[in-house]
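Got a sequence here, can you build the structure:
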Amino acid sequence: MANKKHKDESKPFKWKHVVGEVILWLVSWYSRYALSYGDLKEIAVERGFELDRSTIYRWVQEYAPEINKRLKPYLKRTCDSWKVDETYVKIKGIWHYLYRAIDKEGNTLDWMLSRTRNKKAAK
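Residues are numbered from 1 along each chain as shown. Just a heads-up that it's a prediction; the model follows:
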């Protein structure tokens with residue numbers, strides 16, 4: 001049984017009617033950008049693939065966890081130590097609060113821009 005699973009992992013798109021590269025594109029675009037299954041269906045049609053939204057949904061459910069697992073080691077690692085930096089900036093003549101989550105090496109992890117001061121929400 002273990003050998004069968006190993007063979008399935010080496011050919012993850014076996015028995016699919018669409019090229020594996022197309023499946024990867026659609027699942028990656030869904031995961032990375034704010035696209036609906038309908039949007040992805042239109043993108044696939046533009047590229048010559050007639051797919052149903054439910055098919056794309058099933059692919060996302062099946063392949064997204066595996067893609068995430070394989071990409072995780074290559075993502076930028078951060079340390080557990082971070083702090084919130086607050087500053088006041090003028091944008092088009094209006095003052096805003098800029099909050100940044102900064103790690104101990106000074107790298108920006110995330111940021112938030114707000115018209116009102118709300119450090120709790122920024123954290």
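
Strands along the protein, start to end?
Using DSSP state E, the strands of the chain run over 82-91, 94-103, 108-114.

just how off-centre is the last one within its chain?
Okay, so that is strand 108-114. 17 Å (CA atoms, centre = their mean, to the nearest Å).

do the second one as well
Using CA atoms, centre = their mean, we find the averaged C-alpha position of strand 94-103 to lie 23 Å away from the chain's own average C-alpha position.

Can you pull out the residues in contact with it?
For strand 94-103, contacts defined as CB atoms under 8 Å, 6 or more residues apart in numbering pick out 78-79, 81-90, 108-119, 122. (C-beta placed from N, C-alpha, C; glycine too.)

What residues sit buried inside it?
97, 99-102 (16 or more other CB atoms under 10 Å).

what's the domain layout of this protein?
2-74, 82-116 (automatic domain parsing).

can you put these in TSV and add mean pLDDT?
Listed next are the domains of the chain as TSV, based on pLDDT from 0 to 100:
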stretch	mean pLDDT
domain 2-74	80
domain 82-116	84
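
would you put the C-alpha positions of the longest helix that the chain contains in PDB?
In the chain, ranked by residue count with DSSP state H as the criterion, the top helix is helix 53-71. C-alpha atoms of helix 53-71 as PDB (Å, rounded to 0.1, in the frame of the first residue of the first chain):
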ATOM      1  CA  ARG A  53     -16.200  26.200 -11.300                       C
ATOM      2  CA  SER A  54     -16.800  23.100  -9.200                       C
ATOM      3  CA  THR A  55     -13.900  21.400 -10.900                       C
ATOM      4  CA  ILE A  56     -11.600  24.300 -10.000                       C
ATOM      5  CA  TYR A  57     -12.900  24.200  -6.500                       C
ATOM      6  CA  ARG A  58     -12.100  20.500  -6.200                       C
ATOM      7  CA  TRP A  59      -8.600  21.100  -7.500                       C
ATOM      8  CA  VAL A  60      -8.000  23.800  -4.900                       C
ATOM      9  CA  GLN A  61      -9.200  21.500  -2.100                       C
ATOM     10  CA  GLU A  62      -7.000  18.700  -3.400                       C
ATOM     11  CA  TYR A  63      -3.800  20.500  -4.400                       C
ATOM     12  CA  ALA A  64      -3.500  23.700  -2.300                       C
ATOM     13  CA  PRO A  65      -2.400  21.900   0.900                       C
ATOM     14  CA  GLU A  66       0.300  20.000  -1.100                       C
ATOM     15  CA  ILE A  67       1.500  23.200  -2.800                       C
ATOM     16  CA  ASN A  68       1.700  25.000   0.500                       C
ATOM     17  CA  LYS A  69       3.600  22.100   2.100                       C
ATOM     18  CA  ARG A  70       6.200  22.100  -0.700                       C
ATOM     19  CA  LEU A  71       6.600  25.900  -0.800                       C
END
